[in-house]
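Q: can't give you the sequence, but here's the structure:
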């Protein structure tokens with residue numbers, strides 16, 4: 001019968017030979033991250049040719065600094081950042097991409113926009129649908145040439161009606177599938193200078209009560 005110390009040595013050796021179960025997951029994550037980087041660089045190269053930057057579905061949590069560097073000599077017309085997991089865009093985004101006419105930020109996790117977006121003087125179309133906004137950012141109302149806004153499928157409850165009406169160029173706003181407060185819903189229905197789409201208002205519980 002072998003002494004206990006020998007068993008301990010063998011057990012230790014076997015444990016040392018067992019692969020770390022986390023290693024496989026780490027390798028997969030690294031491989032996926034590498035593919036994402038290659039995809040981003042490739043799309044930046046394409047944008048240098050056609051002036052349309054498409055970074056949709058690139059697993060981005062933010063706009064990488066490398067993108068600003070690669071695009072520094074390109075006057076972009078459009079930018080698509082949809083279908084990522086971006087929570088915010090930095091103030092410098094508006095400064096670097098202030099010539100784009102179409103910006104798609106849909107299907108992300110944003111709840112606000114930097115005030116600097118008001119300085120995007122060429123922007124005509126903005127899509128912030130399928131995010132986590134609870135109100136429309138004030139900067140949107142100040143974008144001078146913005147004509148079309150899609151803010152559907154958010155969590156928007158309140159809207160500054162006066163600011164909305166004073167927006168310089170807004171023609172169409174999509175607010176469908178938002179839990180807009182009844183008071184705001186009614187005020188929106190009275191606006192006739194902008195085409196506004198909203199979902200039918202759901203009655204409050206107390207409105208269904210009969211006296």
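A: Perfect, thanks for sending it. Being a predicted model, the structure only gives us computed values, none of them experimental.

Q: Name the SS class of the spatially most central residue of the chain, please.
A: By C-alpha atoms, centre = their mean, the chain has its centre lying nearest to residue 108, at 3.4 Å. Three-state call for residue 108 (DSSP: H, G, I helix; E, B strand; the rest coil): coil.

Q: Show me which positions of stretch 102-119 end up buried.
A: 102-108, 110, 113-114, 116-119 (16 or more other C-beta atoms under 10 Å). (Each C-beta comes from the backbone N, C-alpha and C, glycine too.)

Q: what two of those are the furthest from one another?
A: Comparing every pair within the buried residues of stretch 102-119 by C-beta to C-beta identifies 107 and 119 as the most remote, at 25.0 Å.

Q: all helices of this protein, in order?
A: For the chain, applying DSSP state H gives helices covering 4-17, 21-50, 65-70, 91-96, 161-166, 182-189.

Q: In contact with residue 104: list those residues for me.
A: Listed by C-beta atoms under 8 Å, 6 or more residues apart in numbering, the contact set of residue 104 reads 56, 78, 79, 80, 81, 82, 127.

Q: Let me know how buried the fourth one is, in neighbour terms.
A: Pointing back at residue 80 there. 19 (other C-beta atoms under 10 Å).

Q: can you pull the contacts of the residue nearest to residue 54 when sequence neighbours are not counted?
A: Once flanking residues are discounted, residue 54 sits nearest to residue 80: 4.7 Å by C-beta to C-beta, 6 or more residues apart in numbering. Going by C-beta under 8 Å, 6+ apart, residue 80 touches 52, 53, 54, 55, 56, 104.

Q: Residue 125 pairs with what?
A: Beta-bridge partners recorded for residue 125 (DSSP bridges): residue 102, residue 148.

Q: Enumerate every residue touching it.
A: Residues near residue 125 by C-beta under 8 Å, 6+ apart: 101, 102, 103, 146, 147, 148, 149.

Q: So which of the contacts of residue 104 belong to strands?
A: 78, 79, 80, 127 (DSSP state E).

Q: now the chain, which segments are flagged as low pLDDT?
A: Counting by pLDDT under 70, the chain contains low-confidence ranges at 1-36, 202-211.

Q: Kindly recompute the last result at 50.
A: Where the chain drops to pLDDT under 50, the residues are 7, 10-15, 24-32, 206-207, 211.

Q: I'd like to know how many residues surround residue 42.
A: Neighbour tally, residue 42, other C-beta under 10 Å: 10.

Q: Then residue 168?
A: 11.

Q: How about it: what's its closest non-neighbour residue?
A: residue 144 (5.4 Å).
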